[in-house]
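A.B. asks: with the input below, show me the fold.
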Amino acid sequence: MTIIAGQGDATVSMTLLWAGPDEEAPRRAPGPKPALSLDAVVAAGIAVADAETLAGLSMRTVAERLGRTSMALYTYVPGKAELLDLMYDRAHAELSSDPDPGGEWRAAVTSWAAGLRAFCLRHPWVLQISYARPVLGPHEQAVLESLARILYGAGLPPRTLRPVVASLFDFVRGSARTAADARLAATATGVSDEEWWAGRAALLGRVAPDFAERFPYSVRLAGEDATAGEGSSWERRLDEAFTIGLDVLLDGIEAARTAPEGG
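C.D. replies: Down below sits the predicted model:
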C-alpha cells in the first residue's frame, strides 16, 4: 500500500512541521488548556505505526495509546493526514545530519546510506509513504541536505548531482523495502524464507524438470550467491547485496567525479 503524503490541510501541516520547539501549536478545539502536547500525539502515532504498520493507524488507535478519546487529539492536529505528515518528518529526526564528519566522500555516503537503510528497517511504515511528493519538513529535509553537502564537497559535475542523489535514495529505499517485505512475509505466513524457497524449489523441480536448460543463467546466478552456505539467511543475503550494490554505485559516482569535463 503506497500513501501519498500531504493530503491534509497544507497550511496546517506546513505550519506544524516548521513550528519551533517553543511555539505552541494552534489550538483547534475550545475548552480548558489540555494536558497533552503535539509531541506526545506524534510520538504515539509513530509507536502505533511501528507496532501495527499504517494499516493499524487511526486517530482512535493513537488516542487509545495515550489513554484519551479521539476527540482529545483534534486539539493538536486536525486529522490523520496531517498527523501522518508530522510522524514521517519527526521519525527522521533520529538520523544524523552529519553521518561521517571529517571523512572522505565515499565513506560519508556509505555511512549516510547505511544509516538511512537501518532507519527504514526500524520504521518500515515510512517506506509506504511515497517519495514522489515529500513531506517537506525540516527533519526529512536534513537527510537530503546531508547527502547533498557530501556530494557537492566531492566535486561531482553539476549535471550529475541530481541524478546521483535520486539514484542513492532509490537504491537505499528499494533495498530496505525488500528486506522489510522479507521480514513481513515470514511473520505474516509463519514460514521462514529458507523453508519457503526449499519448498518452492522442490515443486519447481517436479513441474518444470527442464528449468535449468531453459534458464541456465538464472541457475548459474543462484549458484554464485556470495553469502550462500551454512548459517546464511535471506536477510544476511540482502545485507550483502546492499553492501556490494552500494560499492558498485559508488564506483560509478567516482568515475563520474573524475571524468574529464565534456567526456
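A.B. asks: correct me, but Glu140 touches Arg133?
C.D. replies: No - assessed by CB atoms under 8 Å, Glu140 is found out of contact with Arg133, at 11.6 Å. Backbone N, C-alpha and C define where each C-beta goes, glycine included.
A.B. asks: which one of those two has more residues nearby?
C.D. replies: Regarding Glu140 and Arg133, a neighbour count based on other CB atoms under 10 Å identifies Glu140 as having more, with 23 against 11.
A.B. asks: any figure for the gap between the more buried one and Gly103?
C.D. replies: To Gly103, Glu140 is 23 Å away according to CB to CB, to the nearest Å.
A.B. asks: neighbours of Ala176, how many?
C.D. replies: Neighbours of Ala176 (other CB under 10 Å): 23.
A.B. asks: my guess is it contacts Arg117. True?
C.D. replies: Yes - between Ala176 and Arg117 there is a contact at 4.8 Å, judged by CB under 8 Å.
A.B. asks: and the helices in the stretch 101-250 of the chain, which stretches?
C.D. replies: All helices of the stretch 101-250 of the chain, identified by DSSP state H, counting those that start in this stretch, fall at 105-122, 138-154, 158-189, 193-207, 211-214, 216-223, 234-258.
A.B. asks: mean confidence score for the shortest one?
C.D. replies: Looking back up the chat, that one is helix 211-214. In this model, helix 211-214 has an average pLDDT of 95.
A.B. asks: which residues sit against it?
C.D. replies: Contact partners of helix 211-214, identified using CB atoms under 8 Å, 6 or more residues apart in numbering, comprise Leu204, Gly205, Ala208, Val219.
A.B. asks: quick one: that helix to chain centroid distance?
C.D. replies: Averaging C-alpha positions (CA atoms, centre = their mean, to the nearest Å) puts helix 211-214 37 Å from its chain's average.
A.B. asks: what of the third one?
C.D. replies: For helix 158-189, the gap between its own C-alpha mean and the chain's C-alpha mean amounts to 7 Å (CA atoms, centre = their mean).
A.B. asks: let me know the angle separating that helix from helix 105-122.
C.D. replies: Here helix 158-189 runs at an angle of 30 degrees relative to helix 105-122 (axes from the mean of the first three to the mean of the last three CA atoms, to 10 degrees).
A.B. asks: and helix 158-189, what other elements does it pack with?
C.D. replies: With contacts defined as 3 or more CB pairs under 8 Å, 6 or more residues apart in numbering; DSSP states H and E, helix 158-189 has these neighbours: helix 105-122, helix 138-154, helix 193-207, helix 234-258.
A.B. asks: mind listing what the closest residue to Ala180 other than its chain neighbours touches?
C.D. replies: Of all residues not flanking Ala180 in the chain, Pro124 sits nearest, at 3.9 Å (CB to CB, 6 or more residues apart in numbering). Shown in contact with Pro124 (CB under 8 Å, 6+ apart): Thr53, Ala176, Ala180, Arg183, Leu184.
A.B. asks: how about Pro134?
C.D. replies: Ala5, Glu140.
A.B. asks: do you know how far it is from Ala81?
C.D. replies: 15 Å.
A.B. asks: equivalent analysis for Ser97, please.
C.D. replies: 27 Å.
A.B. asks: swap in Arg162?
C.D. replies: Separation of Arg162 from Ala81 (CB to CB): 29 Å.
A.B. asks: tell me which of the two has more neighbours.
C.D. replies: Summary of the neighbour comparison: Arg162 and Ala81, criterion other CB under 10 Å, with Ala81 having more neighbours (17 against 11).
A.B. asks: ignoring the adjacent residues along the chain, who's closest to that one?
C.D. replies: Gly8 is the one closest to Ala81 (CB to CB, 6+ apart), at 3.2 Å.
A.B. asks: for that neighbour, what are phi and psi?
C.D. replies: phi -90, psi -160 (degrees, to the nearest 10).
A.B. asks: next, count neighbours for Thr75.
C.D. replies: Neighbour number of Thr75 under other CB under 10 Å is 20.
A.B. asks: verify the contact between it and Leu36 for me.
C.D. replies: Yes - in this structure, Thr75 is within contact of Leu36 by CB under 8 Å, at 7.3 Å.
A.B. asks: that concludes my questions; thank you for your assistance.
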